[in-house]
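S.K.: structural data only, the sequence is not supplied:
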């Protein structure tokens, strides 16, 4: 005859369930910490004053190229407008803000004079086919997987140092979608 005790079995089950919950809690906490850490690495954001600069990126350039583009989004969380007034980088002799557009079926690209307005509570995207940075007179070729530094100066928020992540020649903004 077996001596089955529902009370002993219930106590054993309760202890096992309690240990399982404890371990599950530790595993969940570990995953949460890893997730938050990964998000901060992937975020690739920079801040100055009320402005956030999200996902600066560029493309790798072929040997001999003299220019490269730069792209990112500026978000103004403040109640006053601001303006991007200058850009500099050690990767090139100079950096300029440009605008690309199509008029009467003809694509044009021209420098933007006077800076780029960033409306209060708004955002401005620098992306292929629109506003973008041009790094002119490259001192070295940006290579896929590398990063290079640049400095942005805003009229009100001041100066911020950022890093551009270099994507492959066919890389693009979709690689950085949230």
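M.R.: Noted; the coordinates are in hand. All of these numbers come straight from a predicted model, not from anything done at the bench.

S.K.: for the protein, which strand is longest?
M.R.: The residue-count maximum for a strand in the chain (DSSP state E) belongs to strand 92-103.

S.K.: that one pairs with which strands?
M.R.: Sheet pairing of strand 92-103 (DSSP bridges) gives strand 106-111 (antiparallel), strand 131-138 (antiparallel).

S.K.: now do the buried residues in it.
M.R.: The neighbour-count check on strand 92-103 (16 or more other C-beta atoms under 10 Å) flags 92, 95, 96, 97, 98 as buried. For the C-beta atoms, the positions are set from N, CA and C on the backbone; glycine is no exception.

S.K.: how about the strands paired with strand 92-103 in JSON lines, adding mean pLDDT, distance to residue 78 and mean neighbour count?
M.R.: Listed next are these as JSON lines, based on pLDDT from 0 to 100; distance: least, C-beta to C-beta, whole Å; neighbours: other C-beta atoms under 10 Å:
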{"stretch": "strand 106-111", "mean pLDDT": "92", "distance to residue 78": "27", "mean neighbour count": "9"}
{"stretch": "strand 131-138", "mean pLDDT": "98", "distance to residue 78": "20", "mean neighbour count": "19"}
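
S.K.: closest to residue 69 out of those?
M.R.: With C-beta to C-beta, the closest approach to residue 69 among the strands paired with strand 92-103 belongs to strand 131-138: 5.1 Å.

S.K.: helix or strand next in line after that closest one, which one?
M.R.: Following strand 131-138 in sequence order, the next helix or strand is strand 147-154 (DSSP states H and E).

S.K.: and the longest strand of the chain, how far out from the chain middle?
M.R.: With C-alpha atoms, centre = their mean, to the nearest Å as the basis, strand 92-103 stands 20 Å off its chain's centre.

S.K.: so what touches that strand?
M.R.: With contact meaning C-beta atoms under 8 Å, 6 or more residues apart in numbering, strand 92-103 is reached by 67-68, 70, 84, 87-89, 107-112, 115-116, 126, 128-139, 150.

S.K.: what's the angle between it and strand 147-154?
M.R.: Taking axes from the mean of the first three to the mean of the last three C-alpha atoms, to 10 degrees, one finds strand 92-103 and strand 147-154 inclined to each other by 70 degrees.
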